[in-house]
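> Next one to model:
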Amino acid sequence: MKKKEIINLLKSNSFSVKKKLLSSYDFEVSNSQNTYALKIINLTSNHQVTINSQTIWQIKRGKISGLKFQEIDSKLINIKDFVNNENKIVFFTERPYKILKHINESDIVDVSSQDVVNDILLTTSIEKVLDYMN
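Down below sits the predicted model:
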């Protein structure tokens, strides 16, 4: 789902959508009761997301070879402004290969099956976003 489709769907469900410029998240979505911070990350099934810390995430693009993920390139995302909000939602345009989380320097846990990580809703479903907001 593209950003424009997501915004049009939110507006059609009586939400006010405000674009955030020069911020670590994309949109501020509000209704009469709450305000939500929405970050949209364009991914494919050939991506892997690693949550390094509360504010730094690493997005790796690669290819899957058997059980291994061979990295082609990666980028770091700083979401410092984003984590300061109360209601945080990260919308992935497509489900990534894996979502990993660092527990400490040497331990990494697969959190692909979890919907909420570090008080942030992670989803690829606009229905989950709408349910969370209502």
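> Please count neighbours and contacts with C-alpha atoms only from this point.
OK.
> what about Gly66, how many neighbours?
A count of neighbours around Gly66, defined by other Cα atoms under 10 Å, yields 7.
> any idea of the pLDDT on it?
On pLDDT, Gly66 comes in at 85.
> With the one 4 residues further on instead?
Among the per-residue scores, Gln70 holds a pLDDT of 93.
> And the residue most central in space within the chain, how far from Asp73?
For the chain, Val90 is the residue whose C-alpha lies nearest the centre (Cα atoms, centre = their mean; 2.6 Å). From Val90 across to Asp73, the span is 21 Å (Cα to Cα, to the nearest Å).
> in its sheet, what does the strand or helix carrying the residue nearest to the centre of the chain sit against?
When secondary structure is defined by DSSP states H and E, Val90 falls within strand 87-92. Counting by DSSP bridges, the strands paired with strand 87-92 are strand 35-41 (parallel), strand 120-123 (parallel).
> Show me what the helix or strand following that strand is packed against.
Downstream of strand 87-92, the first helix or strand assigned by DSSP H and E is strand 98-102. Where contact means 3 or more Cα pairs under 8 Å, 6 or more residues apart in numbering; DSSP states H and E, strand 98-102 is packed against strand 47-51, strand 108-110.
> Please name whichever of the ones you listed is nearest to Met133.
Nearest of these to Met133, taken as Cα to Cα: strand 47-51 at 23.8 Å.
> So the closest residue to Leu76 other than its chain neighbours, which state does it fall into?
Nearest non-adjacent residue to Leu76, counting by Cα to Cα, 6 or more residues apart in numbering: Gln58, 4.5 Å away. Counting by DSSP: H, G, I helix; E, B strand; the rest coil, the backbone at Gln58 sits in strand.
> what pLDDT, on average, does the strand holding Val90 get?
The average pLDDT within strand 87-92 is 94.
> what comes up buried for that strand?
Asn87, Lys88, Ile89, Val90, Phe91, Phe92 (16 or more other Cα atoms under 10 Å).
> got a list of what the fourth one touches?
What it means is Val90. By Cα atoms under 8 Å, 6 or more residues apart in numbering, Val90 lies in contact with Leu38, Lys39, Ile40, Ile41, Ile120, Leu121, Leu122, Thr123.
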